[in-house]
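S.K.: Make a model of this:
(chains A, B, C and D)
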Protein chains: 2
Amino acid sequence: MDGGVKKTGVTSSEVAKRAGVSQSAVSRTFTPGASISPTMRAKVMAAARELGYRPNALARSLITNRSRIIAVVMAYLENLFYPDVLEELGRLLVRENYRLLLFTGSLDRDSDPVFDQLMQYRVDGIILASTSLSSELSEECAAAGIPVVLFNRTTERDAVSSVTAHNLEGGRLVAEFLLAGGHERFGYISGIESSSTNRDRLAGYREALARAGHADIVIGTGNYERAGAEAAAREILSRPDRPDALFVANDHMAVAVMDVARYEFGLSIPDDLSIVGYDDVGPARWSAYDITTMSQPLERMVETTVELLMEQIASGRIVAEHRILRGELMVRSSARLPASGIVEADGRRIYRPPQS
Amino acid sequence: MDGGVKKTGVTSSEVAKRAGVSQSAVSRTFTPGASISPTMRAKVMAAARELGYRPNALARSLITNRSRIIAVVMAYLENLFYPDVLEELGRLLVRENYRLLLFTGSLDRDSDPVFDQLMQYRVDGIILASTSLSSELSEECAAAGIPVVLFNRTTERDAVSSVTAHNLEGGRLVAEFLLAGGHERFGYISGIESSSTNRDRLAGYREALARAGHADIVIGTGNYERAGAEAAAREILSRPDRPDALFVANDHMAVAVMDVARYEFGLSIPDDLSIVGYDDVGPARWSAYDITTMSQPLERMVETTVELLMEQIASGRIVAEHRILRGELMVRSSARLPASGIVEADGRRIYRPPQS
DNA sequence: CTGAAAGCGCTTACAG
DNA sequence: CTGAAAGCGCTTACAG
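M.R.: Below is the predicted model of the structure:
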């Protein structure tokens, strides 16, 4: 096996010979900023073109100690939020002249092999979307000088940065919106319970509801999965004291909850039940769902993630920074409307609570 | 800029010194199949663990002339079919001990920079999903000994393999199903018109309809995009001779078409209009849509893609192979049912035309 | 089984 | 500006 021999590419020495110059000259031609005369460069370029030469990035990395590769670890790709993030990451990283090494799945446990591979390729930075990092692994990254940024999760660990929406505020705003809409029995369908994102959304929601005298809320666990959300919805909607307002921890689950409410329980949304989601992902805008939801500023979040990474790579100093970005409560038709507080802004309707 | 100095990782020489053995011994310890005694291996492993050593994959690649990196070029990530493919690809490639270098976007034109990067990293293989390859680029890959597999597209080019569903048969089957359902005015909403996938689906559909005496069909162009599909649907549904059956080139567009039909035209599906999609992607199974659709055997397609690649990498011989896999017509509620031909198979309903 | 040595394809001081 | 040379961290004949 492995009987095949991959033809080795054209090398700088071959180009040098063809052009009648030194190998160093070839290298300089392809190193931005290196000192080389226009004549020499032209000669080299001509030979390179004839031979179809392309510098070997692996050999270059070996000596520069920079791979220009960023590892991205991402799970939950069936939630369209993440493919959107991935596409935007791809766009920005390529613009910064970095490559994207993708690992699907989570880094939560038993994923030492993934981590191993990622370290073997000497990646210049790591982006972890929808997952966190054990303290051993994060220390190892810090020791190796590799910056890590969590996307849509946060952590207290040293040396691990994060970019999230203001989930606490988001949860609060959802509660205020539902309270203003005159709802009385509140429910919540959670994501992964231990995830920072879920914790913060729930904490904000709880806090604002408690302040208004609603200490009791019905909670189901959806684990950010469609099947989990369906099961949780069935359980909650079967209760005699069925909520009239349901905050679902993300849109991916909210879609499933709406399907169950309408097609299994025959409920009318928002007349019988109001639903609010989180993310403002594609399907939230589809007419069949038209979900009222807290938006996550995806473009800005991705931009910030790449910025943090680039800064730390350039400076060589790894300091945990936590960036929290605000979203808007996008008002659509899946939840009963409050009498006031709805503002139109360039074609979108958003909620701004009167007193704040 | 670039003021930072990334700490260089632990090297095999450092481990060798610590263990009191030669550097070769360290290398052998981490090379599967290399000849090394258990004692030596144990000594090396101990030292390696103490120092946190991990072989540098870049240095290894330089000498083995194998990067163990597969480039994946993928566009249309907002169509859930592709994230699903990506997740499956990630799973299989990791199992084969390959890494996945992701390039988002298409390779159709002006993407020489993407191609350049991919070649600079000396990838061992290339998977192009939802895009094709110019003849110059495909020749260059062949010359460099790099196997290329198109996923969900095909081409006549030498040295480029492909894996697709049997789109021609799929198109035919959709037509037969709709004919058997008693429909009379047929429409089609196309994807990218020049894509092989779209061409074949349409050809099969046309052929079977023509055979039944329906030479005229209304065609709109959706370009595999949601907005395009909406516009095409509006145009087609506004016609006085509005079709009563619409084949939409993929589910991603079919969802959009259903939204327009129901919420803009007030049509009832399937009473006023039957819709059939392609792919059998997640949303096709959501209750709000419940789309009758030709499935693409995603797992088998991905498996085949990886197999083709592994074979060609191992043998070193690049020969264009074209694998065509059959799907099923999944019967749900978005299209009127024929009187016969519907079969139940492990909980799913599929269409098997009576005579075939 | 083990080690010394050559070499993969580059970058980058160092001299000129 | 240019070239000769060292060296990045490995693998792999070659001898023993």
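S.K.: Strands along chain A, start to end?
M.R.: Taking DSSP state E as the criterion, chain A contains strands spanning A:69-74, A:99-104, A:125-129, A:148-151, A:160-165, A:186-190, A:218-221, A:245-248, A:274-279, A:292-295, A:322-325, A:329-330, A:342-345, A:348-351.
S.K.: So which of these is nearest DNA strand D?
M.R.: Nearest to DNA strand D among the strands of chain A is strand A:69-74; the distance by Cβ to the nearest atom of the strand comes to 15.5 Å. C-beta here means a position set from N, CA and C on the backbone, and glycine is covered the same way.
S.K.: ok, and what's touching the closest one?
M.R.: A:82, A:85-86, A:89, A:93, A:98-107, A:114, A:118, A:121-131, A:309, B:101-102 (Cβ atoms under 8 Å, 6 or more residues apart in numbering or on different chains).
S.K.: And the residue in the stretch 251-356 of chain A that DNA strand D sits nearest to, what's its pLDDT?
M.R.: Nearest residue of the stretch 251-356 of chain A to DNA strand D, counting by Cβ to the nearest atom of the strand: A:Gly316, 16.0 Å away. If you check A:Gly316, the pLDDT there is 88.
S.K.: And for A:Gly3?
M.R.: We have a pLDDT of 43 for A:Gly3.
S.K.: Contact residues of the stretch 151-300 of chain A facing chain B?
M.R.: A:226, A:255-256, A:258-260, A:262-264, A:282-283, A:286-289 (Cβ under 8 Å from any Cβ of the partner chain).
S.K.: Can you name the residues that contact whichever residue of chain A sits closest to DNA strand D?
M.R.: Proximity of chain A to DNA strand D (Cβ to the nearest atom of the strand) peaks at A:Ser35, 2.6 Å away. Counting by Cβ under 8 Å, 6+ apart, A:Ser35 makes contact with A:Arg28.
S.K.: quick one: it from A:Lys43, how far?
M.R.: Per Cβ to Cβ, to the nearest Å, A:Ser35 is found 16 Å from A:Lys43.
S.K.: could you give the mean pLDDT of stretch A:186-202?
M.R.: Averaging pLDDT along stretch A:186-202 yields 96.
S.K.: residues of it that come out buried?
M.R.: For stretch A:186-202, a neighbour-count test (16 or more other Cβ atoms under 10 Å in any protein chain shown) marks A:186-192, A:195-202 as buried.
S.K.: Walk me through the domains of chain A.
M.R.: Listed by automatic domain parsing, the domain ranges of chain A are A:12-55, A:69-165+A:298-325, A:167-291+A:332-351.
S.K.: right, and A:Glu96 touches A:Glu311 too?
M.R.: No: judged on Cβ atoms under 8 Å, A:Glu96 makes no contact with A:Glu311 at a distance of 11.4 Å.
S.K.: hang on, A:Gly277 packs against A:Ala256?
M.R.: No: taking contacts as Cβ under 8 Å, A:Gly277 lies outside contact range of A:Ala256: 10.5 Å.
S.K.: pLDDT at the closest residue to A:His252 other than its chain neighbours, what is it?
M.R.: Nearest non-adjacent residue to A:His252, counting by Cβ to Cβ, 6 or more residues apart in numbering or on different chains: A:Asn79, 3.8 Å away. If you check A:Asn79, the pLDDT there is 97.
S.K.: okay, now A:Asn79: neighbour count?
M.R.: A:Asn79 is flanked by 24 other residues according to other Cβ atoms under 10 Å in any protein chain shown.
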